[in-house]
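> Got a predicted structure here, sequence first:
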Amino acid sequence: EPRMKAVVEGLPGLRVLRQDVEEVLFSFLCASCNTVTKISRTMQALEHRYGDPVAEVAGELLRSFPRAGKLAAADEADLRGMLWGYRAPSLLAVARFLKDRGNAWLASLRERSYLDARFELMKLPGIGRKIADCICLFGLGHNEAVPVDTHIRKVATCMFAPQLASCSLTERKYDALASVLRERFGAYAGWAQQYLFCHSRATQVPSLVRKHS
DNA sequence: TGTTGACCTGCCCC
DNA sequence: AGGGGCAGGTCAA
């Protein structure tokens, strides 16, 4: 796959992180119709408000990401003030769900199959295909998960599935696109997704090049 | 099955 | 200065 080779060589050192599942879950839960800048600010606000102090570095108090139990007791209005907007109710519902299930539940999805894990995650409010796939890939180590967001959709459609280009991304089309990548890149399709995603962001981001005066 | 609109909010552009 | 468009989706009609 020569085109993919070029993409990979253009992004030396790119990795797929496997972070704490719970943290991954909440950070992607606030991702819908949001910007990367705002997402990270949202997460910082969450840590600042509900996280436990871990260490002090250079006079700055660092806090852990709050556990679900703590978030479950958060105040909705408070969350909305922290840029959660309409996503606040989902955060609370999911946090309460996780608290009820106990902290082993989420981690146990690592031992399940990718499809099972995704199915379980999609039962939660505010978690659809895309976010479930993000959690599978970045939190559970299911490397065949292929989150299809707007960027991936553009790149992957253009490169591998021009026949799937049409206005809206339906469930069917989402699954078809993900399957195309899985057929092509197998058990590590998620990594291919990561490369394509970064490639897309690095090459076609007009907002970063926009002139100011 | 596919399409449509609502949903919070900050930032960018005109 | 102020309004419209848009951003790493989800859900229900």
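Everything's here; your move.
> can you list the domains in chain A?
Each domain of chain A is listed here as a residue range: A:2-14+A:145-212, A:21-138, per automatic domain parsing.
> what residues does chain A put near DNA strand B?
Proximity of chain A to DNA strand B, by Cβ under 7 Å from any atom of the strand, involves residues A:33-35, A:37-38, A:80-81, A:83, A:85-87, A:166-168, A:170-173, A:207, A:210, A:212. For the C-beta atoms, the positions are set from N, CA and C on the backbone; glycine is no exception.
> Now the buried members of these.
Restricting the residues of chain A next to DNA strand B to buried positions leaves A:Leu83, A:Arg87, A:Lys173, with burial counted as 16 or more other Cβ atoms under 10 Å.
> And the domains of chain A: which comes nearest DNA strand C?
Closest of the domains of chain A to DNA strand C is domain A:21-138, at 2.7 Å (criterion: Cβ to the nearest atom of the strand).
> Any idea how far the closest one is from the middle of the chain?
Taking Cα atoms, centre = their mean, to the nearest Å, one finds domain A:21-138 lying 10 Å from the centre of the chain it belongs to.
> near DNA strand C at all, it?
Yes: legend: contact between domain A:21-138 and DNA strand C by Cβ under 7 Å from any atom of the strand is shown at A:31-36, A:39, A:86, A:122, A:124-132, A:134.
> Where in chain A is the helix or strand with the lowest mean pLDDT?
Taking mean pLDDT, DSSP states H and E as the measure, the helix or strand of chain A with the lowest value is helix A:206-209, at a mean of 36.
> Quick one: residues contacting A:Arg67.
Contact criterion Cβ atoms under 8 Å, 6 or more residues apart in numbering gives A:Glu22, A:Asn103 as the residues in contact with A:Arg67.
> 10 Å - rerun?
The neighbours of A:Arg67, taking Cβ atoms under 10 Å, 6 or more residues apart in numbering as the test, are A:Asp20, A:Glu22, A:Glu23, A:Tyr50, A:Gly51, A:Asp52, A:Ala95, A:Leu98, A:Lys99, A:Asn103.
> Could you pull up phi and psi at the fifth one?
For A:Gly51, the backbone dihedrals (degrees, to the nearest 10) come out as phi -80, psi 160.
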